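Asker: A structural model of the following input is requested.
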Amino acid sequence: MKKQLFSIGIITFMMISCHSKPKDELTLSGLNPKNFQTEINQMPVNLYTLKNKSGMEVCITNFGGRIVSIMVPDKSGTMKDVVLGFDSISDYINIPSDFGASIGRYANRIKHGRMVINGDSIQLPINNFGHCLHGGPKGWQYQVYEAKPINETTLELTRKSPDGDENFPGNVTAKVTYTLTDNNSIDIKYEATTDKTTVINMTNHSYFNLSGNAENLITDNLLYINADKFTPVDSTFMTTGEISPVANTPMDFTTPKPIGQDINKYDYTQLKNGNGYDHNWVLNTAGDIKQVAARLYSPISGITLEVYTNEPGIQVYSGNFLDGTVKGKKGIIYKQRTAVCMETQHYPDSPNEPQWPSVILKPGQTYHSHCIFKFSVKK
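Answerer: Okay, the predicted model is just below:
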């Protein structure tokens, strides 16, 4: 009897020990977590996997707070990875990209990297056609977030950005909380506080290819944007300060149409200036998270993505600068327009356009931004 009890005890101990060890098996999307384990600036980096009761899987690295893969079922029930990215942390470190990133402090562009806060002129680094893009060359997409797994469906990421980070004022503590819901939605909540008046505008920069095969172009995807207006850009991709109607222009997605239907009509100045679609739409939703801001549908897979947000704008970028020089997951070469980004945000260059919704964050205030990516299937 003692022998039996001893044996049962050993087996139980082994089961507990095995269960508590880090899992080395591949994720559903084929990623090896070992390839994401490293240390950057004395902070640990790992791959975190969220799963829901429906079988959906989302993999996230705390380097840049990046979504690495999203596995959702297509119309035949086959699980497909619907975002671009890399197979290892070394590629994320060595190949400049925004794939899947939690962008900060300021998503999109600030004109000439200049802004004035409380009467003080601030010069930010220039890293894109004479402007400051996505927080500068050392923006948060290239920094390590502190990771705190809450449970199997929720991951909390924290970034402590020091005063003067890329010359932005204020010690800022920012949080990004990813929650995978049972209705196949990725619910993303952003929070930030500061000890000096500053600007904050965060977003997620996932590159979506809903066909589940990044060798396919996204030009056949049907896109709907709940917006009657957009903010035009000049030849350096900078907003002009105008807000223009989309009616009777290629910018009109109030009725769903293929992304590629008008994308090459470069006689229309805005498409020429943007090298395709790379614009901010002024949403009709008035901050109502329950209203659909945008909808994307792949006729190949039947997968639909709906975007919900409390933000006033959404940047739709049609992968115009993917040029076949980057090799991503599974060795696939990412060609032009093999993905589309849908970045919920305040408008570009808002610090220099006081008539637009404010991006100012003051001490004692808390910045809140909310985005939901909801996936479903149309059979």
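Asker: what sits against the residue nearest to D323 when sequence neighbours are not counted?
Answerer: Excluding its sequence neighbours, the residue lying closest to D323 (Cβ to Cβ, 6 or more residues apart in numbering) is Q336, at 6.0 Å. Where you see a C-beta, it was placed from the backbone N, CA and C, and this is true even at glycine. Residues near Q336 by Cβ atoms under 8 Å, 6 or more residues apart in numbering: G319, N320, F321, L322, D323, G324.
Asker: at 10 Å instead, please
Answerer: Shown in contact with Q336 (Cβ atoms under 10 Å, 6 or more residues apart in numbering): L217, T219, N275, G276, S318, G319, N320, F321, L322, D323, G324.
Asker: for ChimeraX, write the select line for the buried members of those.
Answerer: A single ChimeraX command suffices to select whichever of the contacts of Q336 are buried according to 16 or more other Cβ atoms under 10 Å:
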select :217,219,275,276,318,319,322
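Asker: among the contacts of Q336, which one lies nearest to P162?
Answerer: Among those, F321 lies closest to P162 (Cβ to Cβ), at 30.5 Å.
Asker: pretty sure that closest one sits in a helix.
Answerer: No. F321: not assigned to a helix; according to DSSP: H, G, I helix; E, B strand; the rest coil it is coil.
Asker: measure it to T239 for me?
Answerer: Separation of F321 from T239 (Cβ to Cβ, to the nearest Å): 18 Å.
Asker: and what of I95?
Answerer: Going from I95 to T239 by Cβ to Cβ gives 28 Å.
Asker: so for those two, which sits in the more crowded spot?
Answerer: Neighbour count, other Cβ atoms under 10 Å: between I95 and T239, T239 has more, with 23 against 13.
Asker: and that one, what is it in contact with?
Answerer: 108-109, 111, 230-233, 279-280, 347-350, 352-353, 356.
Asker: ok so the residue nearest to D323 is a strand residue?
Answerer: No. Assessed with three-state DSSP, Q336 is coil; it does not lie in a strand.
Asker: need phi/psi at it.
Answerer: Main-chain torsions, Q336, degrees, to the nearest 10: phi -60, psi 130.
Asker: just the pLDDT at it, thanks.
Answerer: The model reports Q336 with a pLDDT of 98.
Asker: ditto for N264
Answerer: Looking at N264, its pLDDT reads 97.
Asker: residues in contact with it?
Answerer: Listed by Cβ under 10 Å, 6+ apart, the contact partners of N264 are T219, P250, L271, K272, G276.
Asker: pLDDT added to those, as a markdown table?
Answerer: Shown next, in a markdown table, are these (pLDDT from 0 to 100):
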| residue | pLDDT |
| --- | --- |
| T219 | 98 |
| P250 | 98 |
| L271 | 98 |
| K272 | 98 |
| G276 | 98 |
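Asker: so which of those residues sit within helices?
Answerer: Counting by DSSP state H, the part of the contacts of N264 found in helices is L271, K272.
Asker: biggest separation within the contacts of N264, which pair?
Answerer: Farthest pair in the contacts of N264 (Cβ to Cβ) is T219 and K272. Separation: 17.3 Å.
Asker: in this protein, which spans are helices?
Answerer: 2-20, 89-94, 269-274.
Asker: buried stuff in the second one?
Answerer: Going by neighbour count (16+ other Cβ under 10 Å), the buried part of helix 89-94 is I89, D91, Y92.
Asker: coming back round to it: which one of the helices of the chain has the lowest average pLDDT?
Answerer: For those, mean pLDDT drops lowest on helix 2-20, to a mean of 38.
Asker: okay, now the unreliable bits of the chain?
Answerer: 1-24 (pLDDT under 70).
Asker: again, only using 90
Answerer: Along the chain, segments meeting pLDDT under 90 span 1-24, 379.
Asker: for V316, see how far away T269 is.
Answerer: Separation of T269 from V316 (Cβ to Cβ): 17 Å.
Asker: much appreciated, bye for now.
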